[in-house]
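J.: fold the following, please.
(one chain, ligands or ions: 1)
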Amino acid sequence: MGSFIIFWFSVILTTSAEFVWRHHNNEELIQVLEEVNEKCPNITRVYSLSEPSVRNVPLYVIEFSDNPGFHQAYKPEVKYIGNIHGNEVLGRELLLGLADYLCEQYLRDERSIRALIHSTRIHLLPAMNPDGWQLSTDTGGQDYLIGRNNNHSVDLNRNFPDLDAITFEFERQGVNHNNHLLKDLARLAEPLEPETRAVMRWIMSIPFVLSAAMHGGDLVANYPYDASRSGAPVSEYSASPDDDTFRELALAYAFAHADMASVNRRGCHSTSSEGQAYNFGKQGGVTNGAAWYSLKGGMQDFNYLATNAFEITLELGCEKYPPERDLAREWERNRDALLTYLWKAHIGVKGIVSDDTGFIQNAIISVVNITGHIPRPIRHDVTTGVYGDYYRLLTPGHYELTASHPGYFPVSRVITVPHFQNTATVLNFRLEPTSSWFDDVTNFGQYPHGVLSQERRIYKRSLYKQVINTMLEKKESGTQ
Ligand SMILES: [Zn+2]
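T.: Sure thing, here's the model as predicted:
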């Protein structure tokens, strides 16, 4: 009898690791992640963000990597964030399913999944707002607003520091300072919620390259900027400097989805008072954020303006809280899109900036698109991380990249980004320190990222050589 019970107990233990498509509560959520971690201990790690929700629920993340817990040079980092609005739950379940799928496929030696995990560090945060999920679930899950906010009744996707206002002001003043703007923030409009603070610390502490935040209530991939420049509430296209790249990222998800980009599908909210429901499929299943409606304090613009990460916002379906029976079908409709998007961390150019002694951290990579007849600077620089590594997502074309850092001569190189990349084109930079006398020459001692709008952004290495030679001659003739 005793062995019989142990036998059945072990059967239950074994079958409990089988992923089931259903709504997982906050305790079951961490169980799923731990089960995946037990099945795939060598390629996963479960951790929680620096602080829990208002009601003390930890914000759990599962990481996939061939070296969990560590950033590796040349390996871009990606994140998916679900359930930001507590009553928008599909992303939460899709991320739990995705975690199980990545692990299972890896164990089955599925080639592309193994290649993805060996070349990418992936972080999945299924629920940013577990308290809202609880309230929404406890009240039936069908209300358009109940459970949307956190337990302090704050909308987390309006609670991030408003860096759009800063970048728009710099634009107006002609100031060419366009990235890592958190340090330019004078004060917060609203106090930060614990969930926001935890996610901000996370965003700032890991060198993410690519990200998507998951919502529900429509079916569209939405890209920056979310805030309009004029303050108009709707219908004002608010392009970021990386508009081409963001469009490509959003289109990649939409076209790999079952029908996000379908011209003939029905729009959501056909019963609304605004009349005919709009079908975003008519525009490829994508929209600029402010062209739809403008919002301040959103997470995607914060990612772009505070860090090197490019984030888009996915509206995964008309229903915010779909019934359990729809979840497996929704997974099938989203699976290819979820995987396709993760691979997008490998578009563009990546490399390492170093000098004779080692890596150069916080070097600046600036880009000019030279594909057309007129060179177009992309006024959003990225910076190098602890291993001197950078990742510059770009669409196919020709570019001039410049690596610069105070105390070094900037170096520019021309490079072509091909179509259909499984890995970014590698472009490393070796910088040479400037000599001390050169720093005294103010005319040429400026770096491309000074605050004067009229200054030239791109300094050719050859130009510096000419300048040095000219001045050396002067120096020599002066001493005669
Ligand atoms: Zn939402």
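J.: is the residue positioned nearest the centre of the chain in a helix, a strand, or coil?
T.: Nearest to the geometric centre of the chain sits Ser211, at 2.6 Å (C-alpha atoms, centre = their mean). Secondary structure, DSSP: H, G, I helix; E, B strand; the rest coil: Ser211 is strand.
J.: tell me who's in contact with it.
T.: Residues counted as contacts of Ser211 (C-beta atoms under 8 Å, 6 or more residues apart in numbering) are 78-81, 300, 303, 309-312. In short, each C-beta sits where N, CA and C put it, glycine included.
J.: cool, and Asp164?
T.: Asp164 neighbours (C-beta under 8 Å, 6+ apart): 225-227, 296, 301, 305.
J.: could you measure from it over to Asp218?
T.: Asp164 sits 22 Å away from Asp218, going by C-beta to C-beta, to the nearest Å.
J.: could you list the domains of the protein?
T.: Following automatic domain parsing, one gets these domains for the chain: 23-346, 349-479.
J.: if we can go back for a sec, out of the contacts of Ser211, flag the one nearest to Asn369.
T.: For the contacts of Ser211, the residue nearest Asn369 by C-beta to C-beta is Phe310; the value is 15.9 Å.
J.: I figured that closest one was touching Asp242, is that so?
T.: Yes: using C-beta atoms under 8 Å, Phe310 is in contact with Asp242, at 6.8 Å.
J.: for these two, work out which one has more neighbours and name it.
T.: Using other C-beta atoms under 10 Å as the criterion, Phe310 and Asp242 rank with Phe310 on top: 28 against 23.
J.: rewinding a little: can you redo the domains of the chain as JSON lines with mean pLDDT and distance to the ion?
T.: Listed next are the domains of the chain as JSON lines, based on pLDDT from 0 to 100; distance: least, C-beta to the ion, whole Å:
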{"stretch": "domain 23-346", "mean pLDDT": "96", "distance to the ion": "3"}
{"stretch": "domain 349-479", "mean pLDDT": "78", "distance to the ion": "24"}
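J.: give me whichever of these is most buried.
T.: Highest mean neighbour count among the domains of the chain (mean count of other C-beta atoms under 10 Å): domain 23-346, with a mean of 20.
J.: what pairs with Ile364 across the strands?
T.: Ile364 has these beta-bridge partners by DSSP bridges: Thr383, Ser404.
J.: please renumber the chain so that the first residue is 700 from this point on.
T.: Got it, first residue is 700 now, which makes that one Ile1063.
J.: is it true that Glu935 touches Tyr924?
T.: No: Glu935 lies out of contact with Tyr924 (C-beta under 8 Å); the separation is 9.8 Å.
J.: find residues that contact each of those two.
T.: Shared contacts of Glu935 and Tyr924 (C-beta under 8 Å, 6+ apart): Ala989.
J.: measure the closest residue to Leu834 other than its chain neighbours to Phe1119 for me?
T.: Nearest residue to Leu834, sequence neighbours excluded (C-beta to C-beta, 6 or more residues apart in numbering): Gly846, at 4.3 Å. Applying C-beta to C-beta, the value for Gly846 to Phe1119 is 42 Å.
J.: the residue nearest to Pro893 when sequence neighbours are not counted: what's it in contact with?
T.: Leaving aside its sequence neighbours, Pro893 sits nearest to Glu750 (C-beta to C-beta, 6+ apart; 5.0 Å). For Glu750, the contacting residues are 758, 893, 896-897, by C-beta under 8 Å, 6+ apart.
J.: what two of those residues have the greatest distance between them?
T.: Leu758 and Arg896 (10.6 Å).
J.: just the strands in the stretch 700-849 of the chain please.
T.: 743-747, 759-763, 776-780, 820-824 (DSSP state E, counting those that start in this stretch).
J.: I'd like the distance from the last one to the chain centre, please.
T.: Spelled out, it's strand 820-824. Distance of strand 820-824 from the chain centroid (C-alpha atoms, centre = their mean, to the nearest Å) equals 11 Å.
J.: put the alpha carbons of it into CSV.
T.: The C-alpha coordinates for strand 820-824 follow below in CSV (Å, rounded to 0.1, in the frame of the first residue of the first chain):
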residue,chain,number,x,y,z
ARG,A,820,20.1,36.3,-23.3
ILE,A,821,16.3,36.3,-22.9
HIS,A,822,14.4,37.5,-19.8
LEU,A,823,10.7,36.9,-19.3
LEU,A,824,8.7,38.8,-16.7
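J.: ok, that strand: who's next to it in the sheet?
T.: Strand 820-824 sits in its sheet next to strand 759-763 (antiparallel), strand 776-780 (parallel), going by DSSP bridges.
J.: quick one, that strand and strand 743-747 angle?
T.: 40 degrees (axes from the mean of the first three to the mean of the last three C-alpha atoms, to 10 degrees).
J.: try the third one
T.: With the same axes, to 10 degrees as the basis, strand 776-780 and strand 743-747 are set at 60 degrees to each other.
J.: same check, this time on the second one
T.: Here strand 759-763 runs at 160 degrees with respect to strand 743-747, directions being taken by the same axes, to 10 degrees.
J.: what's strand 759-763 in contact with?
T.: 728-729, 732, 735-736, 742-748, 768, 798, 801-802, 816, 819-826, 901.
J.: tell me where the stretch 800-949 of the chain has helices.
T.: 810-818, 829-837, 862-872, 893-904, 942-955 (DSSP state H, counting those that start in this stretch).
J.: elements contacting whichever strand or helix holds Asn1033?
T.: Using DSSP states H and E, Asn1033 sits in helix 1026-1042. Here helix 1026-1042 touches helix 789-806, helix 810-818, strand 907-914, helix 942-955, strand 1009-1016, going by 3 or more C-beta pairs under 8 Å, 6 or more residues apart in numbering; DSSP states H and E.
J.: for Ile1077, see how far away Lys769 is.
T.: Careful, residue 769 is Phe and not Lys. Remark: distance between Phe769 and Ile1077 (C-beta to C-beta) = 30 Å.
J.: quick check: neighbours shared by Phe1009 and Asp941?
T.: Listed as contacting both Phe1009 and Asp941 by C-beta under 8 Å, 6+ apart are 1003, 1092.
J.: find the nearest non-adjacent residue to Leu797, please.
T.: Here the residue nearest Leu797, using C-beta to C-beta, 6+ apart, is Leu1037, at 5.6 Å.
J.: do Gly984 as well
T.: Take Gly984 and drop its neighbours on the chain: the residue closest to it by C-beta to C-beta, 6+ apart is Ala953, 3.1 Å away.
J.: wait, that neighbour sits on Thr986?
T.: No: shown here, Ala953 and Thr986 do not form a contact pair, counting by C-beta under 8 Å, at 9.8 Å.
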